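Trainee: give me the fold of what follows.
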Amino acid sequence: QTCALPIYIKYSSGGKITVVGNPNLSQVKTIMIGVRNPKKTSFNSEDDGLSKCGQIWVNELRLTDFDEYGGWAANGRLTARVADVGNVTISGNMSTIGFGSIEKKVNERQKYNAYQYDLSSTFDLGKFFPENNGVKIPMYIGRSESIRNPQYNPLDPDILLSTSLQTLSSKEEKDSLKHIAQDYVKRNSINFTNVRKSRTVKKGEEQRKSRIYDIENFTVSYSKNETFIRNINTEFNITVNYRGSVTYNYNTQPKNIKPFSKFNLGTSPYMRFIKDFNFNNMPKSFSLKEAKAALNEGLDGVMIGRAAYQRPYDILAGIDEEIFGDTGRVCSKEVVRQMLPYIERHLKDGGKLNQITRHMLGLFAGQGGARIWRRMLSERGHNSGAELVLEALSHITPQVPELHHRPAHLRMLS
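Mentor: Have a look, this model is predicted:
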């Protein structure tokens, strides 16, 4: 079953004007004008059947100049610390139609009103357990919403959305059009990363020897990320990702054996090489992840190039999917959250934050807030803790597909 296009017909000054469909100025590429002199088909026809000569005047429709009014934007951020249990960060920003940075051209300025907030919090639930139990339960909770209201009606790109709303009579119709035209993105996430029990030593006792079956050798991670999207092309799109992992890591101090150390082999440097030969009676470390990587190893190595350092997420996330078949790609924000346990261990061992974050500066290349992310980690990474990473992360805005509006604000002159 085919759906016929709407046809608009108007008779004016002895002529007939027909408009098929709902054309809009932003899609006009060519205007063609034709003049027809019908052939005389019968003796009763009023047409004389002769050729005609005359002049045809056409009023041109020209577009000129831009609406150069500007918009404004604002950012806000609030951070609160809940004793030593955790911290809560709330950030928000908004910008209006016509807003754009100094380097942007007029036709690149914003053509929508945008509102966005981001709520993120981290808690160490292990603080609710006695300290001598060594329980570590890092928890992250995040929620964000982003709304974009377009300047022009996406269903009729030549008409302002406000004008389209004024033509509707009922409140239900107006609310429906607002809902359809709006870009809306909501994200909820909860993560428990690297939940573990650390080794503890009670006062007056000696540290016991590590065993292969100790519960301290296990760490557990779980995450749930939910994304809801709707826009002019999508009624709704709900994506829920669940990820969980159990990691086992056993470290020991094996005995070093030098079988030829007591032999008198002379002072020759070649004999000394044999005398210093040694080996361990058991592996120094054993990890299921390392074992799996060794079993799946197919190449000695691949040189990717500098692009992976400048845009690590774009390059490396694609490699995991294309080469290793990993279809559970996580967003770049989630990559940062999964790095936090490693960063905390590095700082606990005496390292500095910028020794890790300098390799993460390009993680959000091309996204909103990437410049603030790079500046904060570069300027304060040498003397800050892991909380700086979360603070910088709160400035990153989610990427939302742009609506295809008209390329510029134009005034029509006839």
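
Trainee: show me what stretch 123-141 is in contact with.
Mentor: Stretch 123-141 has contacts (Cβ atoms under 8 Å, 6 or more residues apart in numbering) with 82, 84-86, 120-122, 189-200, 202, 216, 337, 340-341. To be clear about C-beta, it is placed using only N, CA and C from the backbone, and glycine gets the same treatment.

Trainee: quick one: residue 134 from residue 271, how far?
Mentor: 49 Å (Cβ to Cβ, to the nearest Å).

Trainee: after the longest helix anywhere in the chain, next one along is what?
Mentor: The residue-count maximum for a helix in the chain (DSSP state H) belongs to helix 332-348. Next along the chain after helix 332-348, taking DSSP states H and E as the criterion, comes helix 354-357.

Trainee: packing partners for that next one?
Mentor: helix 332-348, helix 370-380 (3 or more Cβ pairs under 8 Å, 6 or more residues apart in numbering; DSSP states H and E).

Trainee: by mean pLDDT, show me the worst of those helices.
Mentor: Looking at the helices and strands packed on helix 354-357, the lowest mean pLDDT belongs to helix 332-348 (a mean of 85).

Trainee: returning to what we had before: please indicate which of the contacts of stretch 123-141 are buried?
Mentor: When the contacts of stretch 123-141 are checked for burial by 16 or more other Cβ atoms under 10 Å, the buried set is 86, 120-122, 189, 191-197, 337, 340-341.

Trainee: what is the nearest of those residues to residue 38?
Mentor: For those, the residue nearest residue 38 by Cβ to Cβ is residue 189; the value is 69.6 Å.

Trainee: which SS state does residue 104 fall under?
Mentor: Under the three-state scheme (DSSP: H, G, I helix; E, B strand; the rest coil), residue 104 adopts coil.

Trainee: wait, which of the helices and strands packed on helix 354-357 is closest to residue 19?
Mentor: helix 370-380 (46.1 Å).

Trainee: now the strand or helix carrying residue 163: mean pLDDT?
Mentor: Using DSSP H and E, residue 163 sits in helix 161-166. Mean per-residue pLDDT for helix 161-166: 92.

Trainee: mind putting the helices and strands packed on helix 354-357 into TSV with distance to residue 19?
Mentor: Listed next are the helices and strands packed on helix 354-357 as TSV, based on distance: least, Cβ to Cβ, whole Å:
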stretch	distance to residue 19
helix 332-348	47
helix 370-380	46
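
Trainee: check contacts around the most far-flung residue of the chain relative to its centre.
Mentor: The centre of the chain is farthest from one residue, residue 43, which by Cα atoms, centre = their mean lies 74.2 Å away. Taking Cβ under 8 Å, 6+ apart as the definition of contact, residue 43 has no neighbours.

Trainee: gap between it and residue 49?
Mentor: Distance from residue 43 to residue 49, by Cβ to Cβ: 10 Å.

Trainee: residue 77 too?
Mentor: 81 Å.

Trainee: likewise residue 184?
Mentor: For residue 184, the distance to residue 49 equals 64 Å [Cβ to Cβ].

Trainee: again with residue 109
Mentor: Counting by Cβ to Cβ, the gap from residue 109 to residue 49 is 58 Å.

Trainee: these two: who's more crowded?
Mentor: Shown here are residue 109 and residue 49; by other Cβ atoms under 10 Å, residue 109 has more neighbours (20 against 11).

Trainee: listing partners with orientation, what would you give for the strand or helix carrying residue 94?
Mentor: In this structure, residue 94 is located in strand 86-95 according to DSSP H and E. Note on strand 86-95: by DSSP bridges, its sheet partners are strand 73-82 (antiparallel), strand 112-124 (antiparallel).

Trainee: just those: most buried one?
Mentor: strand 112-124 (a mean of 19; mean count of other Cβ atoms under 10 Å).

Trainee: quick one: mean pLDDT for whichever helix or strand comes after that strand?
Mentor: Later in the chain than strand 112-124, the nearest helix or strand by DSSP H and E is strand 135-136. For strand 135-136, mean pLDDT rounds to 89.

Trainee: run me through the strand neighbours of whichever helix or strand comes after strand 135-136, direction for each.
Mentor: The helix or strand immediately downstream of strand 135-136 is strand 138-150, counting by DSSP H and E. Here strand 138-150 has these sheet partners by DSSP bridges: strand 112-124 (antiparallel), strand 183-197 (antiparallel).

Trainee: quick one, the shortest one and helix 332-348 angle?
Mentor: Spelled out, it's strand 112-124. 30 degrees (axes from the mean of the first three to the mean of the last three Cα atoms, to 10 degrees).

Trainee: part of a helix, is residue 172?
Mentor: Yes - looking at residue 172 with three-state DSSP, it is inside a helix.

Trainee: count of residues packed around it?
Mentor: Based on other Cβ under 10 Å, the number of other residues close to residue 172 is 9.
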